[in-house]
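**Student:** No sequence on hand, only this structure:
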């Protein structure tokens, strides 16, 4: 009796997953024997290029603003503290490191910040 219940639960879970996948969209195709088969539509993540460029530009402006506000010495000290922390803090220190673009942005913003 328990084997039947386990099989029923597995089938029910499989049908629920398929139903949830179909709720996000589906496509129908015609097989060679004339049967119409419906498949869930695959979800593809597409980030527009313009959005990615805008995101990176805002991030570089943020880094340049932080560098201009704190100054290179204080900024480097804080990055050194971050690089000695957890894996996530080390990743943050790597991403927030001083690069040529953020340095140019900081040099441009420095007269307006102070």
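**Tutor:** Sure, I can see it. Remember, it's a predicted structure, so these values are computed and weren't measured experimentally.
**Student:** Now do the strands in this structure.
**Tutor:** 26-30, 36-40 (DSSP state E).
**Student:** from those, which stretch is densest packed?
**Tutor:** Mean neighbours per residue, mean count of other CB atoms under 10 Å, is largest over the strands of the chain for strand 36-40, with a mean of 11. Just so you know, the C-beta spots here come from the backbone N, C-alpha and C atoms, and that holds for glycine as well.
**Student:** Can you list the strands that it pairs with?
**Tutor:** strand 26-30 (antiparallel) (DSSP bridges).
**Student:** Name the surrounding residues that touch the partner strand.
**Tutor:** With contact meaning CB atoms under 8 Å, 6 or more residues apart in numbering, strand 26-30 is reached by 36, 37, 38, 39, 40, 41.
**Student:** what about the helices in the chain?
**Tutor:** 2-23, 49-70, 72-83, 87-95, 100-113 (DSSP state H).
**Student:** residues in contact with the first one?
**Tutor:** In this case it means helix 2-23. Here helix 2-23 makes contact (CB under 8 Å, 6+ apart) with 38, 40.
**Student:** same question, the last one
**Tutor:** Contacting residues not belonging to helix 100-113 are listed as 60, 61, 63, 64, 65, 67, 68, 69, 72 [CB under 8 Å, 6+ apart].
**Student:** Let me see the domain layout of this structure.
**Tutor:** The record, using automatic domain parsing to delimit domains, assigns the chain the ranges 2-40, 49-113.
**Student:** Can you give the distance from the longest one to the centre of its chain?
**Tutor:** Between the mean C-alpha point of domain 49-113 and the mean C-alpha point of its chain there is a distance of 19 Å (CA atoms, centre = their mean, to the nearest Å).
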